[in-house]
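> my questions concern the predicted model and sequence given below.
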Amino acid sequence: MRHRVILSTLLIAAVGFGQDAKQTSTYMYDVNGHRVRVSAPLQSVDEKILSSDANGRIVERLVKLYDANGKQTGTEKTRIEERNLGQGRSTASTSVYVQDINGSFALRERAVTESIKSGEVERSETRLERPSLSGGMDLAELRITVATGSDKERHTDVTTLLRDVNNAFKETQREIAQTKVQDNQTTVTTSTYNAAAAGKMALIGQTVARTTKRADGGESQVVDVFHTVQQGRVGAFDKAELKLREQHVIDKVPGSNRSLVETFSVRRADLDSGRLGPAVKVSETVCSGACLPVPVPVQQASAKQ
């Protein structure tokens, strides 16, 4: 599981989904606890459903990038095609195009996923392709995902394979996640393995994320981050056990008119004792506009049950 702070100001216009625009501003906190607005690019996102039926849908997303002065610096187009093949089989193709100085779009990356579901077992294979020197598309990465269980308790195993020096695909990373849902809390334990120098897969870290939904529509998430490598110590490696290194605290508080404020704080552990220090606020993201889904009327919610 990866957690990152998004340092950007976004303007999103969703077309075809019946949603309104939203604006998101992110602020960072300095060592003295002062809030400073991040100076970052502006994006406009226009998303349209080109077609949709029982057999699948086609979505096109156009992203325009701007600098701090409002000058457009680039354009990116993504085309997503989803197909339902029946009998638990489906495919999804995501193609990313970048516009050049002449206004033409060139394919930068394509990911094709084939999935099959039988009972509580779902297996999918994703083939990631990138442009080759010859002008075509080369297979650069394979990702195999096997998920078992129900919405209440689910086990997910994701294996990533990359080409080695002999041009053969070798397992380079593996993530195993266990998800459990109980009442209003979801716990996801994710273990990450990487190919070690000897070529064998080795456990390098683990995260335990506990997300609690509140009655006001907000949620709080506490993520314990464990590592085998002792950060800040060159050559230090503990093969015996994982040790707590950090704790991330993410809090989402809804406001009026579907607005949302998200704060991100970090507690760092002492390398010797493992004790967590005080929470230090890292960032705050303020979203205004259609940041939350439109509430479902009580009558409709009852009808769906």
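Here it is on my side, so go on. Predicted model only: the values in this text are computed from it and were never measured. Numbering: from 1, shown residues only.
> okay, residue 70: pLDDT?
As summarised for this prediction, residue 70 has a pLDDT of 72.
> show me the helices in the protein, by range?
For the chain, helices defined by DSSP state H occupy the ranges 298-304.
> quick one, domains of it?
Segmentation of the chain into domains, based on automatic domain parsing, reads 1-38+151-294, 41-149.
> between those domains, which gets the lowest average pLDDT?
domain 1-38+151-294 (a mean of 81).
> and that domain, how far from the chain's centre?
Taking the mean C-alpha point of domain 1-38+151-294 and that of its whole chain, the gap between them comes to 9 Å (C-alpha atoms, centre = their mean, to the nearest Å).
> dump the domains of the chain to TSV, plus mean neighbour count.
All C-beta atoms are positioned from the backbone trio N, CA, C, and that covers glycine. Shown next, in TSV, are the domains of the chain (neighbours: other C-beta atoms under 10 Å):
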stretch	mean neighbour count
domain 1-38+151-294	14
domain 41-149	14
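> may I ask you to confirm that residue 106 is in contact with residue 98?
Yes. Look at residue 106 against residue 98 with C-beta atoms under 8 Å: they come within range, at 5.9 Å.
> what residues does the closest residue to residue 250 other than its chain neighbours make contact with?
Taking C-beta to C-beta, 6 or more residues apart in numbering as the measure, residue 250 lies nearest to residue 221, with 4.3 Å between them; neighbours along the chain are not counted. The neighbours of residue 221, taking C-beta atoms under 8 Å, 6 or more residues apart in numbering as the test, are 209, 210, 211, 212, 248, 249, 250, 251.
> I'd like to know how far residue 221 sits from residue 244.
Noted for residue 221: a distance of 17 Å to residue 244, by C-beta to C-beta, to the nearest Å.
> likewise residue 164?
Using C-beta to C-beta, one obtains 34 Å as the distance from residue 164 to residue 244.
> also residue 139?
Here the criterion is C-beta to C-beta. By it, residue 139 lies 39 Å from residue 244.
> of the contacts of residue 221, which belong to strands?
Judged by DSSP state E, the subset of the contacts of residue 221 located in strands is 209, 210, 211, 212, 248, 249, 250, 251.
> how about residue 164, nearest residue that isn't a chain neighbour?
Nearest non-adjacent residue to residue 164, counting by C-beta to C-beta, 6+ apart: residue 170, 4.7 Å away.
> does the one you found touch residue 159 like I think?
No. With contact defined as C-beta under 8 Å, residue 170 does not count as touching residue 159 (10.8 Å).
> give the contact list for the residue nearest to residue 37 when sequence neighbours are not counted.
Spatial nearest neighbour of residue 37, chain neighbours left out: residue 27 (5.2 Å); criterion: C-beta to C-beta, 6+ apart. With contact taken as C-beta under 8 Å, 6+ apart, residue 27 is in contact with 35, 36, 37, 38, 283, 284, 285, 286.
> ok, the fifth one touching residue 28?
Yes. Counting by C-beta under 8 Å, residue 283 does reach residue 28; the two are 5.3 Å apart.
> picking that back up, so how far is residue 177 from the residue nearest to residue 37?
Distance of residue 27 to residue 177, computed by C-beta to C-beta: 31 Å.
> also residue 217?
Counting by C-beta to C-beta, the gap from residue 217 to residue 177 is 26 Å.
> equivalent analysis for residue 190, please.
4 Å.
> so which of the contacts of residue 221 comes closest to residue 58?
residue 211 (32.1 Å; C-beta to C-beta).
> wait, doesn't residue 123 sit right on residue 145?
Yes. Using C-beta under 8 Å, residue 123 is in contact with residue 145, at 7.1 Å.
> bridging residues for residue 91?
Beta bridges link residue 91 to residue 83, residue 114 when assigned by DSSP bridges.
> what sits against it?
Taking C-beta under 8 Å, 6+ apart as the criterion, residue 91 is in contact with 82, 83, 85, 112, 113, 114, 115.
> which neighbouring residues are in contact with the closest residue to the last one other than its chain neighbours, exactly?
Distances taken as C-beta to C-beta, 6+ apart place residue 124 nearest to residue 115, at 3.9 Å, with adjacent residues excluded. For residue 124, the contacting residues are 113, 114, 115, 116, 144, 145, taking C-beta under 8 Å, 6+ apart as the criterion.
> widest-spaced pair of those residues?
In the contacts of residue 124, two members sit farther apart than any others by C-beta to C-beta. They are 116 and 144, at 12.2 Å.
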